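Undergrad: after the sequence you'll find the predicted model.
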Amino acid sequence: MSVARLLRRWYGRRTWGRLLYAVLGVPLAVIGFVSALVVLVPGVLLSLTPIGLPWLAVGLRGARDLAALHRELSRRLLGEPLEPPPAVVRGRGIVDWVRAGLTDAAGWRALAYLIGKSPVALVLGAAAALTWAYGIAFASYPVWSRFVVFPSETDEHGTHLVTPTFGDWSMPEWLYVPTVGVVGLLLLLAAPWITRGLLWPERLLARTLLRPTRADTLRQAHAQAMDDSAARLRRIERDLHDGAQAQLVTLALELGLAKDELAEGDPAAALALVDTAHQGAKQALVELRDLVRGIHPPVLDTGLGPALQTLSARSPVPVELDVQLPDRPSPAIETIAYFTAAELLVNVAKHSRARAAALSLTAVRPGWLRLTVRDDGTGGARRTPAGGLAGLTHRVGTVDGTLELVSPPGGPTVVTVELPVRA
């Protein structure tokens, strides 16, 4: 690796993002700490009055908003996305609204983050800024030192002696000035790593308090599963009502008319009606078959491996498939894995501009399997709250699974899903 490339890597966008995060963290920490005090102190002191508890509920929602700002800064400047917690459950009245706010664990964690971040950000942000400031000042010292009057004295030969002094020996100016410059250059070389290390406590605090807990994730996944199930039942009901049920009603009417024609002695008309009814019955069977396929794909009857092989063969982007499963997962896991792989391959074809993709399904540890989809596209994929990846995250979360997205600009994009073998 060349020196120029190494320097570009050291002083790239991520380094300046960390420095900006550290600098912005100081005023944001002050704002957050003051906001937390404004929420807590009046709320606790007035908790026995009609004002205190609503004040706390409003303040906790405000703490959520400030925490969302910190999550966005972490994503943009540090390249570390933090999943938002589930939304606060809305009540129907003011009492339910206040109760929901006061029992919001994510709001209390956000408030704790605002309080805990203040001393950490003030100390570490100032340390990071001073590291860079001293590095720049020392490195440029040989340039601006000629305009500064040094505290010095002259020896018997007329040579200016500049502090520091070590015992009876004082460092001459011609040695002191370049030494300070070299120290500044070394400090600037180490500054990116120092900044990264200084931000580690802040990142740990954010990961601990700003990410949803396991209970939050499971609760959100359960709620999402219930909503998905209700929506799926409504879709099935609508499809049955508008499709197969309508076809069967028409079939019954046509058979009734055919019966009447036979009773009146017109077998030709009755035969035409029976033929029409037969076509309607076949159409109803097709619609019922399509409906059943959406609930449980028949291709899964032979196993998840063959199903993924069929799915890969149908993809418009060439897919390299690797399936290594010692045991067959439970039907629920097979269905989730199949639909997850199908949607990920659709995303590759629609959005990635990829020329090739790879789909692998392996056992990573006892009782768990890993589904990985990788493409050589343009990258830059994001997990938006209302996007398809968020839906997949909720879907795999219903069985305590996880979805990880890595998609830097320029690619490649790698989506890794881990699922239990048994649901």
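TA: All right, it came through fine.
Undergrad: would you confirm that Leu392 contacts Thr402?
TA: No: with contact defined as CB atoms under 8 Å, Leu392 and Thr402 do not form a contacting pair (10.8 Å). Placement of C-beta: from N, CA and C, glycine included.
Undergrad: just the strands in the protein please.
TA: 152-154, 160-166, 169-172, 319-324, 357-365, 368-375, 402-406, 413-420 (DSSP state E).
Undergrad: and the angle from the fourth one to strand 357-365?
TA: Orientation check (axes from the mean of the first three to the mean of the last three CA atoms, to 10 degrees): strand 319-324 against strand 357-365 gives 10 degrees.
Undergrad: helices or strands next to strand 319-324 in the packing?
TA: Other helices and strands packing on strand 319-324, by 3 or more CB pairs under 8 Å, 6 or more residues apart in numbering; DSSP states H and E, are helix 304-314, strand 357-365.
Undergrad: and that strand, how far out from the chain's middle?
TA: For strand 319-324, the separation from the chain centroid amounts to 26 Å (computed by CA atoms, centre = their mean, to the nearest Å).
Undergrad: what comes into contact with that strand?
TA: Strand 319-324 is touched from outside by 304-305, 308-309, 312-313, 345, 356-363, with contacts defined as CB atoms under 8 Å, 6 or more residues apart in numbering.
Undergrad: any chance of a ChimeraX selection covering the buried ones in those residues?
TA: Listed next is the ChimeraX selection for buried residues among the contacts of strand 319-324, using 16 or more other CB atoms under 10 Å:
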select :304,308,309,312,345,357,358,359,360,361
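Undergrad: show me the helices in the chain, by range?
TA: Along the chain, counting by DSSP state H, helices occupy 3-10, 13-45, 52-78, 94-102, 105-139, 141-144, 173-198, 200-209, 214-239, 245-263, 267-295, 304-314, 331-347, 388-397.
Undergrad: and those, which one is worst for confidence?
TA: Mean pLDDT values for the helices of the chain show the minimum at helix 214-239, a mean of 62.
Undergrad: quick check, nearest of the contacts of strand 319-324 to Thr276?
TA: Ala313 (38.2 Å; CB to CB).
Undergrad: any idea how far that closest one is from Thr362?
TA: As judged by CB to CB, to the nearest Å, Ala313 and Thr362 stand 20 Å apart.
Undergrad: any residues in contact with both of Leu392 and Thr402?
TA: With CB under 8 Å, 6+ apart as the test, Leu392 and Thr402 both reach Val417.
Undergrad: what about those two, which has more around it?
TA: Leu392 (22 against 14; other CB atoms under 10 Å).
Undergrad: so for Val26, which of the strands of the chain sits nearest?
TA: Closest of these to Val26 is strand 402-406, at 30.7 Å (criterion: CB to CB).
Undergrad: buried sites along the closest one?
TA: Burial within strand 402-406, assessed by neighbour count using 16+ other CB under 10 Å, is assigned to 403, 405.
Undergrad: just checking: what are the partner strands of that strand?
TA: When pairing is defined by DSSP bridges, strand 402-406 lines up against strand 413-420 (antiparallel).
Undergrad: how far is the partner strand from where the chain is centred?
TA: Strand 413-420 has its C-alpha centroid displaced from the chain centroid by 13 Å (CA atoms, centre = their mean).
Undergrad: ok, and what's touching it?
TA: Here strand 413-420 makes contact (CB under 8 Å, 6+ apart) with 329, 333, 336-337, 340, 344, 348, 352, 354, 364, 367-375, 377, 379, 381, 389, 392, 396, 399-407.
Undergrad: distance between the ends of stretch 195-212?
TA: 27 Å (CA to CA, to the nearest Å).
Undergrad: picking up where we left off before, in CSV, list the helices of the chain along with distance to Asp322.
TA: Listed next are the helices of the chain as CSV, based on distance: least, CB to CB, whole Å:
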stretch, distance to Asp322
helix 3-10, 32
helix 13-45, 32
helix 52-78, 32
helix 94-102, 47
helix 105-139, 39
helix 141-144, 58
helix 173-198, 35
helix 200-209, 32
helix 214-239, 28
helix 245-263, 43
helix 267-295, 26
helix 304-314, 10
helix 331-347, 12
helix 388-397, 20
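Undergrad: between those helices, which one is nearest to Pro86?
TA: The nearest among the helices of the chain, by CB to CB, is helix 214-239 at 4.1 Å.
Undergrad: domain ranges for the chain, per the record?
TA: The record's domain parsing of the chain by automatic domain parsing lists 1-212, 215-295, 301-420.
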